[in-house]
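Asker: next one to model:
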Amino acid sequence: MWDDCYEGKSLLTPASASKLCLSITDVITNWLKSFPEEIIPSILIRQPIKSLIRFTSVCKSWRSTIKDPSFIRTHLAHALNFNDQNATHLLLLHPVFSKGISYPLGVRHIVGFKQDPFSLHYDNNDVSQCCKVEFPIGLKEEMINPCFRVVGTCDGLVLLADDLGLYAYNFVMWNPCVRKYVILPEPSVRFSTHGGYEASLGLGYDAIGNDYKVVRLTTLLDQQGMFDTCPTLAQVYSLAKGSWGRLRSDLPPCGMVPDLGQAFVNGALHWLAIRWEGDDVIFFVLAFDVGSESFREIMLPKTFKMEESLELRLCASGDRKSIGLFVRLKNESDCFLDIWVMKEYCVEKSWTKLLILSPQGPRRSLPDALCFRRNGEVVLVLEDSRELVSLELVSKQFKALGISGGQVCSVDLYEESLVLLDKKEAVSY
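Answerer: Residues are numbered from 1 along each chain as shown. This next block holds a predicted model:
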């Protein structure tokens, strides 16, 4: 699928690149046919995805092998190991360009939408572009709001939500690498059934059941739009079953606040949640084990003090083995960005503040933090120019990436995979 490219620019014309790929594939195909049938799977497992997609047309046995769920999982494990050893990980970028952002009733709306391109970049020193990603035209016809939001990624799947503004129930599992997507059925909690709500989503992998799951947490609002005494409900979608499970209320007492990030690490999804202790609002991390489908709490740093104007964002740590936290405050009396990481997963005392970032330049601008990179650096979006930079935490040096973040931007780790290739219900484009 991906164009042959170097530093984001094709070295060949589209026609010559296509002919070259076909000729190389023909050579490899003829070479593979010379081997005994029993060793073909072990050879195929080492082939890139673009070649494997073409190989599904060679013969029925190859097609059956490549679309087998166990082969898809083994190929992914091999690719992840290769990427770890060779530092060839990718980042999925999704900036939204518009005239501005508004917050009527506290809900983020895109004003004057222009475009929202998707692109893959190498997670290397320059974050150079790998390729642009074609978005399915069919999904654009389904949207209620101007564009989808990227909730998160997992094993090549991208979870999209049509929730940037109006209530909508278009949730999509999308694998751009194999050009397939699955539209989820409507969940049980909707405005028409429960009235107003705040929702958080997450995508994770159940290693026990070999299943990808979407978790939706909804805190119901009362007639005044408050949820300090309202319940939070959970519902889990299973890709293997193709349906949502029952509504659950067995969560720790909490309220969900959207747009605070999510992280899938160590087989669990994580969100920031709040609860009330007297008149005080307490933030904590709500974790959901995707395999056992059980909830637990992880406390934030004890030195963390909640203030009304604080902006929080949860993410995965650089090594993807734990969680990180960005804490931003900008008001008339104070201005800072704190970068935290939990060095030992689930060990509260291991929360470590890596950096305190002060305002930059004469305008005292303060960037927003988006995510950790594999090398431990943090991707930031500058407040004034909306350009993306990479921050090295020890030297506190900024490196311009030459990429515009638009008015809304997501940056997520992406791993190429064959996931969805075996799903008959998946839509191809």
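Asker: can you pull out the low-pLDDT segments for the stretch 151-300 of the chain?
Answerer: 223-228 (pLDDT under 70).
Asker: tell me where it has strands.
Answerer: Counting by DSSP state E, counting those that start in this stretch, one finds strands in the stretch 151-300 of the chain at the ranges 157-161, 171-175, 180-183, 197-206, 211-220, 232-238, 243-244, 255-256, 262-265, 268-277, 280-289, 294-299.
Asker: and the residue nearest the centre of this structure?
Answerer: Nearest to the mean C-alpha position of the chain, by CA atoms, centre = their mean, lies residue 152 at 1.8 Å.
Asker: show me what contacts residue 91?
Answerer: By CB atoms under 8 Å, 6 or more residues apart in numbering, the contact set of residue 91 is 120, 121, 122, 123, 127, 373, 411, 412, 413, 414. (Glycine included, C-beta is placed from N, CA and C.)
Asker: confirm that it sits in a strand.
Answerer: Yes: looking at residue 91 with DSSP: H, G, I helix; E, B strand; the rest coil, it is inside a strand.
Asker: what's the closest of the strands of the stretch 151-300 of the chain to residue 318?
Answerer: strand 262-265 (11.2 Å; CB to CB).
Asker: same for the closest one, what does it pack against?
Answerer: Applying 3 or more CB pairs under 8 Å, 6 or more residues apart in numbering; DSSP states H and E, we find strand 262-265 packed against strand 149-154, strand 197-206, strand 268-277, strand 311-316, strand 323-330.
Asker: quick one: closest of the ones you listed to residue 235.
Answerer: So among those, strand 197-206 is nearest, using CB to CB, at 10.2 Å.
Asker: pull the residues that contact the closest one.
Answerer: 151-155, 157, 159, 161, 163, 171, 173, 189, 191, 211-221, 227, 255-258, 260, 262, 264, 267-271, 288, 290-291.
Asker: sorry, back to before: sort out for me which of the contacts of residue 91 are in strands.
Answerer: 120, 121, 122, 411, 412, 413, 414 (DSSP state E).
Asker: who wins for most neighbours among those residues?
Answerer: residue 411 (26 neighbours; other CB atoms under 10 Å).
Asker: so that one is in contact with residue 92, correct?
Answerer: Yes: shown here, residue 411 and residue 92 form a contact pair, counting by CB atoms under 8 Å, at 7.3 Å.
Asker: circling back: so how far is residue 323 from the residue nearest to the centre of the chain?
Answerer: 13 Å (CB to CB, to the nearest Å).
Asker: now do the shared contacts for those two.
Answerer: With CB under 8 Å, 6+ apart, residue 152 and residue 323 have common neighbours residue 263.
Asker: re the thing from before, now do the contacts for the residue nearest to the centre of the chain.
Answerer: 158, 159, 201, 202, 203, 262, 263, 264, 412.
Asker: look up the residues forming beta bridges with it.
Answerer: The partner list for residue 152 in beta bridges (DSSP bridges) reads residue 159.
Asker: can you tell me how far it is from residue 411?
Answerer: 11 Å.
Asker: repeat for residue 299
Answerer: Distance from residue 299 to residue 411, by CB to CB: 27 Å.
Asker: name the nearest residue to residue 132, sequence neighbours excluded.
Answerer: Spatial nearest neighbour of residue 132, excluding adjacent residues (CB to CB, 6 or more residues apart in numbering): residue 119 at 5.0 Å.
Asker: count of neighbours near the one you found?
Answerer: Residue 119 has 16 nearby residues by other CB under 10 Å.
Asker: so who does it touch?
Answerer: 92, 93, 129, 130, 131, 132, 133.
Asker: and the fifth one, its phi and psi?
Answerer: Yep, that's residue 131 we're talking about. Taking degrees, to the nearest 10, you get phi -170, psi 160 for the backbone angles of residue 131.
Asker: okay, it and residue 171: tell me how far apart.
Answerer: 26 Å.
Asker: who has more neighbours, those two?
Answerer: Using other CB under 10 Å as the criterion, residue 131 and residue 171 rank with residue 171 on top: 24 against 18.
Asker: wait, doesn't that one sit right on residue 150?
Answerer: No: taking contacts as CB under 8 Å, residue 171 lies outside contact range of residue 150: 11.9 Å.
Asker: what residues sit buried inside stretch 284-295?
Answerer: Neighbour-count burial for stretch 284-295, counted by 16 or more other CB atoms under 10 Å, picks out 284, 285, 286, 287, 288, 289, 290, 293, 295.
Asker: for stretch 235-247, that is, sorry about that
Answerer: In stretch 235-247, counting by 16+ other CB under 10 Å, buried: 235, 236, 237, 238, 239, 244.
Asker: number of residues surrounding residue 353?
Answerer: Neighbours of residue 353 (other CB under 10 Å): 14.
Asker: who's in contact with it?
Answerer: Contact analysis of residue 353 by CB under 8 Å, 6+ apart lists 301, 303, 338, 339, 340.
Asker: distance of it relative to residue 170?
Answerer: Residue 353 is 39 Å from residue 170, where distance means CB to CB.
Asker: for the contacts of residue 353, give me CSV that also has neighbour count, secondary structure and distance to residue 327.
Answerer: Listed next are the contacts of residue 353 as CSV, based on neighbours: other CB atoms under 10 Å; DSSP: H, G, I helix; E, B strand; the rest coil; distance: CB to CB, whole Å:
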residue, neighbour count, secondary structure, distance to residue 327
301, 17, coil, 9
303, 8, coil, 11
338, 19, strand, 4
339, 21, strand, 8
340, 21, strand, 7
